[in-house]
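Novice: Got a sequence here, can you model it:
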Amino acid sequence: MARILFASSEAHPLIKTGGLADVSGSLPPVLQALGDDVRLVLPAYRTVLQRLPVLPIIAELMLPGITAPVRILETMLPQTRVPVWLVDSPAHFDRDGNPYLGPDGHDWPDNAARFTVFARAVVELAQNRAGLDWRPDVVHCNDWQTGLVPALLAQEKKRPGTMFTIHNMAYQGLFPRQTFDSLNLPEALWHWQAVEFHSQLNFLKGGLAFADWITTVSPTYAQEIRSADFAYGLEGVLNHRVERLRGILNGIDYSAWDPAHDPLIPHHYSATKLEGKKKNKAALQGQFALPVKPDTPLLGLVGRMVEQKGIDLVLAVLPELLQQPVQVAVVGTGAARFEQAFRDLANRYPDKVGAFIGYDEGYAHLLEAGADIFLMPSRFEPCGLNQLYSLRYGTVPVVRRTGGLADTVIHTDAATLADGSATGFVFDAANPSALLVAIDQALALYRRPEAWRQVMQAGMRRDFSWEQSARQYQELYRQLP
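Specialist: The predicted structure follows:
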């Protein structure tokens, strides 16, 4: 049994902005079920505290650079037995907005200070200096917000092993040299082999340079980030540390994402009993004010409306695609120009396009359950979760061959149809014509009901639960000093 301190800036269902929260809310309970002693540590954001009862204060810490004590509050991850330690520094986390952005949609100007406080608190907990009589064997850090933890622990004479998981190389936590000076960090960290990056402070690089293991969330992405196209300037660090780099595919939580018992969809179904899928399609069409046409292929999209996700590619193909007998339903938020483009399409084609601009868990689940085809043409995708949800829900994914999409979706052609392995449609070039070809392939198969059902059911039977991935993490934990 390993003692694991799992450090993250978000975890579902307490606080969520993206896939990191799904991982941080799902992996620790599975590790615990497999026998490890896991504690999850998060910042005590206002929105987290508002949804919880008054919590006990289990420790107070005095940290460098701030005058007020930082309190450690304790709760449990909802619907689990995983303890959660909340780092309560009101000056840094008790504010409106999301974990990284203010109500105006811009980064908090003091993000570097906020997540330095968080990192220092994690170090004190890891070194058993909080009076809690618990010392982890492993500190498992996630993304740039925790990148200083391995760097700071490396300055300690005796410390736990460290793992740093990259969920997205595009977000690195970059700040000017003056910010480094203001944070009272050890001067030794300002070095090209530490957190200095072209005269800037790079939080992510701290994790890459100092963690005992570096992991990322799919095998293909672990290879991609060794190249300049995907590493955003850090390919040299990753290639230098390639012997300590591993790709472990994310899992999904089938207690929350399974059409056989999903409480957020009106009709349940499974790979052997598909009738509910058609009823959910009708419900989705009704929700989006689309004509209820059971035989018209319904294409769905859920996610951030940004170029990384290939939203511009979708918008480029829709004018031509909408000349065919299809419907499109979209749930998401992001760049204002993309949001407005979908609103305009919904107004122009009210019988064919429905758009919900925003994020709503119920809408997301209903779309996965009701759509026939799921569009995910990402330019890069470290792992991706929506294609995994789509496979489980029998919503055939159309994806680009990158990162976790390449690792999880098997392209449909004569050979994979014959051997029963086909689960979706995969294209290579990040351009509208390649996407349109893949969609047309999907629509052609949709007109062959028996073959379509075969592909649906093959995807629904794939197992992407967390247990297999958790065991791979455990194997690496056992190899830490």
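Novice: Just the helices from the stretch 101-250 of the chain, written as ranges.
Specialist: Remark: helices assigned in the stretch 101-250 of the chain by DSSP state H, counting those that start in this stretch are 111-126, 148-153, 177-182, 203-210, 219-224, 228-231, 235-240.
Novice: What is the distance between the shortest one and the centre of its chain?
Specialist: For helix 228-231, the gap between its own C-alpha mean and the chain's C-alpha mean amounts to 19 Å (CA atoms, centre = their mean, to the nearest Å).
Novice: Show me what counts as buried in it.
Specialist: Using 16 or more other CB atoms under 10 Å as the test for burial, helix 228-231 gives 230-231. Heads up, the C-betas are built off the backbone N, CA and C, glycines and all.
Novice: could you dump that helix to CSV, C-alpha only?
Specialist: The C-alpha coordinates for helix 228-231 follow below in CSV (Å, rounded to 0.1, in the frame of the first residue of the first chain):
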residue,chain,number,x,y,z
ALA,A,228,8.3,21.1,-31.3
ASP,A,229,4.8,21.0,-32.8
PHE,A,230,3.3,19.8,-29.5
ALA,A,231,5.8,20.8,-26.7
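Novice: For it, what does the pLDDT average out to?
Specialist: Helix 228-231 comes out with an average pLDDT of 96.
Novice: What are the contacting residues of it?
Specialist: Helix 228-231 has contacts (CB atoms under 8 Å, 6 or more residues apart in numbering) with 169, 221, 224-225, 235, 238, 380.
Novice: Now find how far off-centre stretch 237-254 is within its chain.
Specialist: 14 Å.
Novice: Same question for stretch 213-226.
Specialist: 14 Å.
Novice: Start and end of that stretch, how far apart?
Specialist: Its first and final residues considered, stretch 213-226 spans 15 Å by CA to CA, to the nearest Å.
Novice: just stretch 263-277 next, same as before
Specialist: 14 Å.
Novice: Residue numbering should commence at 49 henceforth.
Specialist: With 49 as the first residue, the last one maps to stretch 311-325.
Novice: I'd say Q375 and D343 touch.
Specialist: No: between Q375 and D343 there is no contact under CB atoms under 8 Å: 11.0 Å.
Novice: Those two - which one has more neighbours?
Specialist: More crowded of Q375 and D343, by other CB atoms under 10 Å: Q375, with 24 against 9.
Novice: Just give the number of residues close to the spatially closest residue to the more buried one that is not a sequence neighbour.
Specialist: Distances taken as CB to CB, 6 or more residues apart in numbering put L346 closest to Q375, at 4.7 Å, once the chain neighbours are dropped. By other CB under 10 Å, the residues close to L346 number 24.
Novice: which residues touch L346?
Specialist: Per CB under 8 Å, 6+ apart, neighbours of L346: 329, 332-333, 338, 374-377, 418-421.
Novice: Now do the strands in the stretch 199-348 of the chain.
Specialist: 209-214, 222-224, 244-245, 248-250, 261-264, 293-295, 346-353 (DSSP state E, counting those that start in this stretch).
Novice: pretty sure Y437 is in contact with G299, am I right?
Specialist: No: with contact defined as CB under 8 Å, Y437 and G299 do not form a contacting pair (11.7 Å).
Novice: Can you go through the contacts of helix 276-279 and name the buried ones?
Specialist: 217, 269, 272-273, 283, 286, 428.
Novice: now, which of the residues you listed sits nearest A518?
Specialist: Nearest to A518 among the buried ones among the contacts of helix 276-279, counting by CB to CB, is Y269 at 18.5 Å.
Novice: Nearest residue to that closest one in space, please, no chain neighbours.
Specialist: Y269 sits nearest to G451 (CB to CB, 6+ apart), 4.1 Å away.
Novice: Would you agree the one you found is in contact with Q271?
Specialist: No: with contacts counted by CB under 8 Å, G451 stays clear of Q271, the gap being 9.5 Å.
Novice: is V135 in a bridge, and if so with what?
Specialist: Beta-bridge partners of V135, counted by DSSP bridges, are P91, I120.
Novice: what's the neighbour count on it?
Specialist: By the criterion of other CB under 10 Å, V135 has 26 neighbours.
Novice: Report the contact partners of it.
Specialist: 89-92, 118, 120, 141, 165-166, 169-170.
Novice: And Q220, by the same measure?
Specialist: Q220 neighbours (CB under 8 Å, 6+ apart): 192, 245, 250-253, 280, 282.
Novice: and the nearest residue to L134 once chain neighbours are set aside, how many residues sit next to it?
Specialist: Ranked by CB to CB, 6+ apart and with sequence neighbours excluded, the top spatial neighbour of L134 is A92, at 3.8 Å. For A92, the count of nearby residues is 25 (other CB under 10 Å).
Novice: ditto for N395
Specialist: 10.
Novice: circling back to that earlier point, of all pairs in the buried ones among the contacts of helix 276-279, which one is the farthest apart?
Specialist: Every pair of those checked by CB to CB; the farthest is L286 and F428, at 14.7 Å.
Novice: Which one of the buried ones among the contacts of helix 276-279 is nearest to R496?
Specialist: Among those, and counting by CB to CB, the member closest to R496 is F428, at 32.2 Å.
Novice: Give me the pLDDT for that closest one.
Specialist: If you check F428, the pLDDT there is 95.
Novice: and the residue lying closest to it once chain neighbours are set aside, backbone torsions?
Specialist: Sequence neighbours aside, T450 is the residue nearest to F428 in space, at 5.4 Å (criterion: CB to CB, 6+ apart). For T450, the backbone dihedrals (degrees, to the nearest 10) come out as phi -150, psi 150.
Novice: what about T450, how many neighbours?
Specialist: Count around T450 with other CB under 10 Å applied: 24.
Novice: Isn't it up against P425?
Specialist: No: at 9.5 Å, T450 and P425 do not qualify as touching, with contact defined as CB under 8 Å.
Novice: helix, strand or coil for V89?
Specialist: strand (DSSP: H, G, I helix; E, B strand; the rest coil).
Novice: What distance do you get for it to S275?
Specialist: V89 sits 33 Å away from S275, taking CB to CB, to the nearest Å as the criterion.
Novice: Tell me how many other residues surround A50.
Specialist: 20.
Novice: I'd say it and D84 touch.
Specialist: Yes: between A50 and D84 there is a contact under CB under 8 Å: 4.9 Å.
Novice: what's the domain layout of this structure?
Specialist: Following automatic domain parsing, one gets these domains for the chain: 51-299+514-525, 323-509.
Novice: I'd like to know which of those domains is closest to P307.
Specialist: domain 323-509 (5.1 Å).
Novice: burial count for G83?
Specialist: As a burial measure, G83 scores 9 neighbours (other CB under 10 Å).
Novice: same question but for L436, I mixed them up
Specialist: So L436, with other CB under 10 Å, has 25 neighbours.
Novice: that older thread, any chance of the contacts of Q220 in TSV with neighbour count and distance to L493 as columns?
Specialist: Listed next are the contacts of Q220 as TSV, based on neighbours: other CB atoms under 10 Å; distance: CB to CB, whole Å:
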residue	neighbour count	distance to L493
W192	25	41
F245	20	47
N250	25	45
F251	26	45
L252	27	41
K253	25	45
Y280	17	37
L282	21	40
